[in-house]
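Asker: model this:
(one chain, ligands or ions: 1)
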Amino acid sequence: MNDKLPRSHQLFHEATRLIPGGVNSPVRAFGKVGGTPVYFRTAAGSRFEDVDGNTYIDFCQSWGPLILGHSHPCVVEAVRDAAQRGLSYGACHEGEIRLARLILEALPEFEQVRVMNSGTEAVMTALRLARGITSRNLVIKFSGGYHGHFDGMLVKAGSGLATHALSDSSGVPADIAGTTLVAPLDDVAAVEEIFRVHGGDVAAVIIEPLPANNGLLVQRREYLQFLRDVTAAHGSLLIFDEVISGFRLRFGGYYQEVGIRPDMVTLGKIIGGGMPVGAIVGPARLMEGLAPLGKVYQAGTLSGNPVSLAAGIAQLETLRDESPYARLEQLGRLFETTLAAGGHPAARAVRMGSIIWPYLDSGAFPRRDDAIAPATVERFNRIYWPLLIQGYYLPPSAYEVLFLSAAHSEAEVTGLAGALAVELVRTENA
Ligand SMILES: Cc1ncc(COP(=O)(O)O)c(C=O)c1O
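Answerer: Now for the predicted structure:
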């Protein structure tokens, strides 16, 4: 590919002198798949064009927000219109009510929404609110779950199950990491043990109900129900982090798919239509713990930014009115069947609607991070660049999921699945 990407290489070289590692978010670096990042200059629908004039079908879709594809005309028009009326007010406007209404129409079990600028902010605030309301300090998260880049969530499990966590990142004080307890996914005994030892101090359990940041580790419904029951029994809150899964499988949350109602839901990505937004959704009795009514502080110069909210409103209205979900499910199924038709025993994918994780191994699909077969990572790394050269842009890591959008065509989806199956065989025999 090197000879096809001269301008990308030049820009990355320049970027590494000005920006740490050349990237503004580490997942964009190509460290895991080798090589250096592609630089893009335009995107529309399912397509990307890079600075060297190469075109790609994009299966990353900005890591999930773009369920309608890049630059959907209704979103772009809403942004243009909003921008002409002011880029930021730092004051109240009607868009805030419209977005809150749309979100609550889709998540009718809840009563209020607070909007901020990112998923990280949403989770950070939800956990602060949980601690403020319960007057407890500890939070349980799951190994392999990602909830943003603030101190308390950048942790890994300590040496024993009920021990306090260590940080994954330097710069996080041990005292802060220690307020998070980490359990393996799909493990009832581990969570029971934590509650046995620390029950009265646990403010909240936070989980991606559809964990999609370390592969796609689909949980058993019974496990999510267990978390509902155990938190209720101990007076802790259950928070579903739906920054990825919210509005991805239906006009609403994944909690509705499984029929389990958490105490609060965090949202991001899709509700911003490609612009920076995050939100917490919950019942008024909890949400009113936030300032200015309550004592839990959260604020933001650009929170509820009118341009971002216009994008979110346009995307959510389109999802509600045009409901692309059945078609996305069909596209996903087509991907699976085409991949399987390739005949390679490792040509498989874990899939939930339009979220696809190529699981390139013949073993059982994992439900926890330590059950992921190393072979899938090795195979993914081998096929990454051959697929990129053929014009398929995938997230540059074996642990990341692919996103289909309403803008993808059947031919594009079968094209990727077919090419993936062929590359598996070719690179294995090479
Ligand atoms: C489940 C989940 N929670 C929180 C976040 C953080 O969101 P953001 O990157 O918008 O800060 C992410 C980001 O990928 C996520 O997937």
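
Asker: just checking, Arg136 touches Asp201?
Answerer: Yes: Arg136 is in contact with Asp201 according to Cβ atoms under 8 Å; the separation is 5.2 Å. C-beta: built from backbone N, CA, C; applies to glycine.

Asker: And these two? Which one has more around it.
Answerer: Neighbours per residue (other Cβ atoms under 10 Å) separate Arg136 from Asp201, with Arg136 holding more: 21 against 17.

Asker: name the element the more buried one belongs to?
Answerer: Assessed by DSSP states H and E, Arg136 sits outside every helix and strand.

Asker: and it, what does it touch?
Answerer: Residues in contact with Arg136 (Cβ atoms under 8 Å, 6 or more residues apart in numbering) are Gly200, Asp201, Val202, Ala203, Ser236.

Asker: again with Gly332
Answerer: Arg351, Gly353, Ser354, Ile355, Ile356, Leu404.

Asker: I'd like to know the beta-bridge partner residues of the fourth one.
Answerer: Read it as Ile355. Beta-bridge partners for Ile355, by DSSP bridges, are Met352, Phe403.

Asker: how far away is it from Leu216?
Answerer: Distance, Ile355 to Leu216, using Cβ to Cβ, to the nearest Å: 6 Å.

Asker: can the contacts of Arg136 go into TSV with extra columns for pLDDT?
Answerer: Listed next are these as TSV, based on pLDDT from 0 to 100:
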residue	pLDDT
Gly200	94
Asp201	97
Val202	98
Ala203	98
Ser236	98
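
Asker: Pull the number of nearby residues for the residue in the stretch 51-200 of the chain that the ligand sits nearest to.
Answerer: Per Cβ to the nearest ligand atom, the residue of the stretch 51-200 of the chain with the smallest distance to the ligand is Gly119, at 2.3 Å. Neighbours of Gly119 under the rule other Cβ under 10 Å: 29.

Asker: what does the one 5 residues further on give?
Answerer: Each residue near Met124 was counted by other Cβ under 10 Å, and the total is 23.

Asker: wait, doesn't it sit right on Val139?
Answerer: No: in this structure Met124 lies outside contact range of Val139 using Cβ under 8 Å: 11.1 Å.

Asker: can you list residues touching both of those two?
Answerer: Common neighbours of Met124 and Val139 (Cβ under 8 Å, 6+ apart) are Gly152.

Asker: for the residue most central in space within the chain, what are its contacts?
Answerer: Geometric centre of the chain, nearest residue: Ile244, 3.4 Å, by Cα atoms, centre = their mean. Contact analysis of Ile244 by Cβ under 8 Å, 6+ apart lists Gly64, Glu208, Leu210, Ala212, Asn213, Lys269, Ile355, Val401.

Asker: Which pLDDT value belongs to the first one?
Answerer: At Gly64 the predicted local distance difference test score is 98.

Asker: Equivalent analysis for Ala346, please.
Answerer: 95.

Asker: tell me the phi and psi of it?
Answerer: In terms of degrees, to the nearest 10, the main-chain angles of Ala346 are phi -100, psi 0.
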